[in-house]
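*Asks:* the sequence and its predicted three-dimensional model are supplied below.
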Amino acid sequence: MNILRANFWFHYAGPQAFYGLAGRLWPWCAALAAVLGLWGLWLGFMVAPADAQQGEGYRIIFVHVPASWMSMVIYLAMAFWSVLGLTFNTRISGMMTRALAPTGAMFAFLSLWTGALWGKPMWGTWWVWDARLTSELILFFLYLGYIALTSAIDDQRRGDRAGALIAIVGAINVPIIYFSVKWWNTLHQGASVSLTKSPSMAQVMLWGMLLMALCFWFYTIALVLYRVRTTILQRESHTAWVQATVQEAA
Amino acid sequence: MIWESWSQFWEMGGYGLYVWGSMGVTAACLVIEVWQARLANRQLFIQLRKEDEGNL
């Protein structure tokens, strides 16, 4: 099959082919995100009952957990593209890593923000310096560091390589965040959902949360593909195909 | 339906500030991010078109 051949993948690693592919994919991902989001919010706010212990306050979970997952997944995706970039020296890798970073930073911020708004009524404090919260804060700073570093280096390809190092080294923090609630005593509760145990929450709450998580996945894919298209045009603006694309859009 | 009235819905059993503070800021972040991405795309097209015209 075509898809199994290395040529197929290197074809789409070229900016022009990737631009076309991303352009065909992002509208579908955006539409899917909208549908999943509405469905998830419906379950979370109109169908799921109040929690036995936390009353209606637990509903923060429908954004807090998906945002936190995305903040970790996006960092791992950045590390993945960085490894590809340093190994194969493909141009698209650095562009994808850069396109992912702002959305990752946003989800890390949302994780901390919604966590604070959840912590205040349930724990009596907006913030504690415990392992889970601190490692998530470090993740947020890693994103900001990546963005600051790559935008400070004028030579784009050098910036890509420097950023790739932060992305790869910083990825060590992601399992630390994930396992922090097991490794240390923290105020933060353990995982509500894991691969090895059945989830410790009611079915409809779980479905609402999973739908919101899928919504954030497709939102991220759509936005990153859209954003990388802008970056591709910018970096390839000297080429004939970009000039033709710009003329066509006029 | 689990709510008896809209005001009950907005109150969220006394947790309204925390729940809507989370939802509102999340929604605002998503809207701003999408708007920024569109703006960057449009501005680049305008800029590239100008450069093209300069080359003619």
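*Replies:* Received the coordinates, thanks. Numbering: from 1, shown residues only, chains lettered A, B, ... in the order given.
*Asks:* how about the residues of chain A near chain B?
*Replies:* Proximity of chain A to chain B, by CB under 8 Å from any CB of the partner chain, involves residues A:45-50, A:55-57, A:59-60, A:63-64, A:67, A:102-103, A:106, A:109-110, A:113-114, A:117-118, A:120-121, A:219, A:223, A:226-227, A:229-230, A:233-234, A:237, A:242-243, A:246-247, A:249-250. For every residue, glycine as well, the C-beta is placed using N, CA and C.
*Asks:* show me what contacts the residue nearest to the spatial centre of chain B?
*Replies:* By CA atoms, centre = their mean, chain B has its centre lying nearest to B:V31, at 1.1 Å. Counting by CB atoms under 8 Å, 6 or more residues apart in numbering or on different chains, B:V31 touches no other residue.
*Asks:* would you say it is within a strand?
*Replies:* No. Using DSSP: H, G, I helix; E, B strand; the rest coil, the assignment for B:V31 is helix, not a strand.
*Asks:* from chain A, how far out is it?
*Replies:* B:V31 sits 11 Å away from chain A, going by CB to the nearest CB, to the nearest Å.
*Asks:* run the chain-centre distance for the host helix or strand of A:F80.
*Replies:* Assigned by DSSP states H and E, A:F80 falls within helix A:61-88. The chain centroid and the centroid of helix A:61-88 are separated by 5 Å, computed with CA atoms, centre = their mean, to the nearest Å.
*Asks:* can you name every helix or strand that it contacts?
*Replies:* Identification of packing neighbours for helix A:61-88 by 3 or more CB pairs under 8 Å, 6 or more residues apart in numbering or on different chains; DSSP states H and E yields helix A:91-123, helix A:131-152, helix A:156-170, helix A:173-183, helix A:203-235, helix B:16-55.
*Asks:* and it, which residues are buried?
*Replies:* Under the neighbour-count criterion of 16 or more other CB atoms under 10 Å in any protein chain shown, helix A:61-88 has A:61-75, A:77-82, A:84-86 buried.
*Asks:* same question, stretch A:48-57
*Replies:* Neighbour counts over stretch A:48-57 (16+ other CB under 10 Å) mark A:48, A:51, A:54, A:56-57 as buried.
*Asks:* mind putting these into CSV with distance to B:S5 and secondary structure?
*Replies:* Listed next are the buried residues of stretch A:48-57 as CSV, based on distance: CB to CB, whole Å; DSSP: H, G, I helix; E, B strand; the rest coil:
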residue, distance to B:S5, secondary structure
A:A48, 18, coil
A:D51, 21, strand
A:Q54, 22, coil
A:E56, 14, helix
A:G57, 19, helix
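*Asks:* could you dump the residues you listed to TSV with pLDDT?
*Replies:* Formatted as TSV, the buried residues of stretch A:48-57 follow (pLDDT from 0 to 100):
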residue	pLDDT
A:A48	91
A:D51	88
A:Q54	90
A:E56	93
A:G57	93
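*Asks:* pick out whichever of those sits closest to A:S180.
*Replies:* Nearest to A:S180, judged by CB to CB, of the buried residues of stretch A:48-57 is A:Q54 at 21.6 Å.
*Asks:* you'd agree the closest one is up against A:M122?
*Replies:* Yes. The criterion here is CB atoms under 8 Å, and A:Q54 meets it with A:M122 at 6.3 Å.
*Asks:* got the residues of chain B near chain A?
*Replies:* Listed as neighbours of chain A in chain B under the rule CB under 8 Å from any CB: B:1-3, B:9, B:12-15, B:17-19, B:21-23, B:25-26, B:29-30, B:33-34, B:37, B:40-41, B:44-45, B:48-49, B:51-52.
*Asks:* in ChimeraX, how would I select the buried members of those residues?
*Replies:* A single ChimeraX command is used to select the members of the residues of chain B next to chain A judged buried by 16+ other CB under 10 Å:
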select /B:12,15,18,19,21,22,23,25,26,29,30,33,37,41,44,45,48
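*Asks:* what comes into contact with stretch A:154-167?
*Replies:* Stretch A:154-167 is contacted from outside by A:75, A:78-79, A:81-83, A:85-86, A:91, A:93-95, A:97-98, A:142, A:145-146, A:149-153, A:235, using CB under 8 Å, 6+ apart.
*Asks:* buried residues in that stretch?
*Replies:* Within stretch A:154-167, the residues that qualify as buried by neighbour count (16+ other CB under 10 Å) are A:156, A:159-164, A:166-167.
*Asks:* in CSV: those, plus distance to A:A131 and pLDDT.
*Replies:* Conversion of the buried residues of stretch A:154-167 to CSV gives the following (distance: CB to CB, whole Å; pLDDT from 0 to 100):
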residue, distance to A:A131, pLDDT
A:Q156, 37, 91
A:G159, 32, 95
A:D160, 32, 95
A:R161, 32, 95
A:A162, 29, 96
A:G163, 27, 96
A:A164, 27, 96
A:I166, 22, 95
A:A167, 22, 97
